[in-house]
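J.: Sequence first, predicted coordinates after that:
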Amino acid sequence: MSSDDVLLGLGLVPVLAVGSQLTARLLRLPAIVVLLPVGFLAGVVTDVVHPDVLLGDLYQPFVSIAVGIVLFEAGLRLSFGGVAPEQHPLVIRLVAVGVLVTCAAVAGAVSVLFGGLDARVAILLGAILVVSGPTVVLPLLAFIRPARRVRSLLTWEGVLVDPIGALLGVVVFHAVSSASSGRWHPGEMLASIGVGLAVAAVAAGVLWLLLREAQQHAPRQAVPITLAVVAGALVGADLIRDDAGFVATTALGMALANQRRIDVTLMLEFQQTLVQLLVGVLFILIAASVSPADVEAVLPGALGLVAVMALVIRPLAVALATWRSVLSLRERAFVAWMAPRGIVAGATASAFSLQLAQQGIPDAGLILPIVFVTIFGTVLLYGLTGVPVARRLGLAGEGGTVVLVVGGHAWARAVADALRAVGVGVRIWTGDAGEQAAARAAGFDADQGRMMVDAVSREAELEEVTDALLLTGNDDFNAIAAAQLRIELGHDHVYRLAPAPDGIDLLPPKNEGGLLPSYEEMERGFADGGRIVATAADGISLSFAVADGATRPAGSPPAGRTP
């Protein structure tokens, strides 16, 4: 491959990754549903995207570091405060029972569906397909937006099962490749977990000291410091024990998520951007490494495996793990219908398949295509059916437009009531206890404002919110909150009251849109007998209905948007 071919391939991979994610957003599909077929087609149509040719010996190390960063970012979401105490045993049971049942049942199903398949390969496939993972679970949950308790449980399961499943795959791989020489024993998995946790403990101490200094004197250095320590922990743990790095990075993220002295907001925002790019690149490369002939050879059996996993194995594992738990029957049903496979399964399959084939293990070349079809089949199945199933079970998010009204005084509640009258979901944030009580009495979801919490908690608070109206009497607060919420929701989705003409206001951004009448104007309008009228002909719009029956706009929002 020439240098121009390498340059073309290196440029094409991120273009395909980001382009697929943008396309999926426009089509309102989970990004992974688009990424896998695009990567597969790129591998068929071109030679420059094939990872073995493009990256050569760098491919597997790149996958390991990328997956380690993904697991670290996922670990940052695992705050113990985010799981109710009664759910802690449930998470443990779901992971432990799920791993054991899935490994044994998938190995048995593979042996039946692929008659004559080498038993060692079947057992290894059972170990590989244990993993679910944040690369697929978190995007699907963000897309489906199920009830909080179910979302929390599935998030913890998806993040924890990745390093455990990867370690199990390594254990089985070593058992298969070295059983004849008697060089392997079951304690290797525990040793790898111990090494990973020990490295994570050291790395967490180093990272805490560095971030404390950066937070005080150079906050923008938090991102490069974090990436350096995460990469160092992954590589250091892996050099000591194979794939102990996944345990190290996940535990490191969890340690950072559960301390309160360091602000993780800056690094988390960059991590989210980096992780989205890495996930896209990884799926493109993994999919491009599979040939059509490989897929055709295993397609009937692999599709049968997807059906058995979705309809038999997962429901059985969830039924055993959640027996007599606090989950309702509907919550158990949704958990049983959410077990996609992700990038860790693809990465380990890619590595193990090649090494076992080089050792002359029969049927080793079938591992990667079977896993690829399983990944694509489960992601497609759950990605397309997750929302309807969640809605059928009464566990889906509100969907559509959900407006956050910041301010709980009388006319702010009138604005919220007008929006609700035309079918818009509404939440109210206000710090005044009396205003909260009045809003709740009127049937609104009302709580204290959560603007100043860490980025993870704020993301959870704003998960279903699509638009925001900042209606407090403090112009400076409205300006600051609008600037922050635009980062979360987008510039065309945040509206604030215009500052008083003679008041002191922070310098607004150039060409700031989304300005409503000032607080004083709104007060006078309501004092004169006016009321808010919402219409939903072409998007949602608000207007004043004054005492003489005439109407006038309550703002100048973009066409079709909520003012």
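T.: Cool, the structure landed.
J.: ok, Ser328 to Gln359 distance?
T.: Using C-beta to C-beta, to the nearest Å, one obtains 49 Å as the distance from Ser328 to Gln359. Where C-beta positions appear, they are placed from N, C-alpha and C, glycine not excepted.
J.: Compare neighbour counts for the two and give me the winner.
T.: Ser328 (16 against 11; other C-beta atoms under 10 Å).
J.: For that one, give its distance to Ser291.
T.: 45 Å.
J.: So which bits of the helix or strand hosting Ala228 are buried?
T.: In this structure, Ala228 sits in helix 222-240 according to DSSP states H and E. In terms of neighbour count (16 or more other C-beta atoms under 10 Å), helix 222-240 has its buried residues at 222-223, 225-227, 229-238, 240.
J.: And those residues, which is closest to Thr401?
T.: Of all those, Thr401 sits closest to Val223, with 33.5 Å by C-beta to C-beta.
J.: got the domain boundaries for this structure?
T.: 3-392, 402-553 (automatic domain parsing).
J.: Run the chain-centre distance for stretch 201-221.
T.: Centre-to-centre, stretch 201-221 and its host chain are 25 Å apart (C-alpha atoms, centre = their mean, to the nearest Å).
J.: buried sites along that stretch?
T.: So, applying 16+ other C-beta under 10 Å, buried residues of stretch 201-221: 202-204, 207-208, 210-211, 214-215, 221.
J.: Show me the helices in the stretch 251-400 of the chain, by range?
T.: 265-288, 292-308, 314-321, 329-336, 343-358, 367-392 (DSSP state H, counting those that start in this stretch).
J.: I should have written the stretch 401-550 of the chain there, sorry.
T.: Going by DSSP H, counting those that start in this stretch, the stretch 401-550 of the chain shows helices at 410-421, 433-441, 455-461, 475-489, 519-527.
J.: lowest-confidence stretch among these?
T.: With a mean of 57, helix 455-461 has the lowest mean pLDDT of the helices of the stretch 401-550 of the chain.
J.: about what we covered before: if I average pLDDT within each of the helices of the stretch 251-400 of the chain, which one is lowest?
T.: helix 343-358 (a mean of 76).
J.: so what does that one touch, helix or strand wise?
T.: helix 59-75, helix 119-128, helix 134-144, helix 148-178, helix 265-288, helix 367-392 (3 or more C-beta pairs under 8 Å, 6 or more residues apart in numbering; DSSP states H and E).
J.: Take these and lay them out in JSON lines including distance to Thr472 and mean neighbour count.
T.: Compiled in JSON lines, the helices and strands packed on helix 343-358 are given as follows (distance: least, C-beta to C-beta, whole Å; neighbours: other C-beta atoms under 10 Å):
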{"stretch": "helix 59-75", "distance to Thr472": "33", "mean neighbour count": "24"}
{"stretch": "helix 119-128", "distance to Thr472": "53", "mean neighbour count": "24"}
{"stretch": "helix 134-144", "distance to Thr472": "29", "mean neighbour count": "24"}
{"stretch": "helix 148-178", "distance to Thr472": "27", "mean neighbour count": "23"}
{"stretch": "helix 265-288", "distance to Thr472": "23", "mean neighbour count": "22"}
{"stretch": "helix 367-392", "distance to Thr472": "34", "mean neighbour count": "21"}
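J.: could you redo these as CSV and give each row distance to Ala321?
T.: Putting the helices and strands packed on helix 343-358 into CSV (distance: least, C-beta to C-beta, whole Å) gives the following:
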stretch, distance to Ala321
helix 59-75, 21
helix 119-128, 18
helix 134-144, 16
helix 148-178, 9
helix 265-288, 27
helix 367-392, 18
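J.: quick one: which of the ones you listed is nearest Ala414?
T.: Between the helices and strands packed on helix 343-358, helix 148-178 lies closest to Ala414; by C-beta to C-beta that is 29.0 Å.
J.: who touches the closest residue in space to Gln221 that isn't next to it in sequence in this structure?
T.: Nearest non-adjacent residue to Gln221, counting by C-beta to C-beta, 6 or more residues apart in numbering: Ala214, 4.5 Å away. Counting by C-beta atoms under 8 Å, 6 or more residues apart in numbering, Ala214 makes contact with 221-222, 225.
J.: Val298 too?
T.: Going by C-beta under 8 Å, 6+ apart, the list of residues near Val298 reads 114, 366, 369-370, 373.
J.: how close does it get to Phe283?
T.: 19 Å.
J.: do Thr102 as well
T.: 22 Å.
J.: Check Asp445 too.
T.: For Asp445 relative to Phe283 (C-beta to C-beta), the value is 36 Å.
J.: what's the answer for Val33, then?
T.: The value you get for Val33 to Phe283, if C-beta to C-beta is used, is 10 Å.
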